[in-house]
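all I have is the shape, not the residue letters:
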């Protein structure tokens, strides 16, 4: 099980966005970029969350980010490949999308981007 770390600096978000690997789903957009080999913690997952004003007013944007954080915490530690940076971007449907479908969107995005890993049966 990998640990989740947060992306916080704008430069990190821009670097991931420049990687050109993204998947658009109804509930979210997932961008990913493999980190370099010089990274001291290659297993850790670094995840950033963002919501633009297109999503809604501040209360709605905050709700969207909270839902993305919860979905990432539920899916990514077990199924996302380590050594990558991920950015989850909220869409207009994120705050009102059923949670199970939001999880499905994230799982599909991870599979389509080739960063899905199966958990070992323990």
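Happy to help now that I have it. This one's a predicted model, so the numbers in the text were calculated from it and none came from an experiment.

for stretch 49-62, measure first residue to last.
End-to-end distance for stretch 49-62: 10 Å, by Cα to Cα, to the nearest Å.

what lies in contact with it?
Contacts to stretch 49-62, defined as Cβ atoms under 8 Å, 6 or more residues apart in numbering, come from residues 13, 64-65, 68-69, 72, 87-92, 94-95. For the C-beta atoms, the positions are set from N, CA and C on the backbone; glycine is no exception.

now do the buried residues in it.
Applying a neighbour-count criterion of 16 or more other Cβ atoms under 10 Å, one finds 49, 50, 51, 55, 56, 60, 61 buried in stretch 49-62.

spell out which helix or strand contains the first one, please.
Spelled out, that is residue 49. Taking DSSP states H and E as the definition, residue 49 sits inside strand 45-50.

what strands flank that strand, and is each parallel or antiparallel?
Strand pairing for strand 45-50, determined by DSSP bridges: strand 4-6 (parallel), strand 84-90 (parallel).

ok now that strand, how far from the chain's centre?
With Cα atoms, centre = their mean, to the nearest Å as the basis, strand 45-50 stands 6 Å off its chain's centre.

cool, stretch 12-21 as well?
Distance, centroid of stretch 12-21 to centroid of chain: 12 Å (Cα atoms, centre = their mean).

what about that stretch, how long is it end to end?
15 Å.

same deal with stretch 3-10?
End-to-end distance of stretch 3-10 (Cα to Cα): 21 Å.

quick check: mean pLDDT across it?
Stretch 3-10 shows a mean pLDDT of 91.

many thanks, have a good one.
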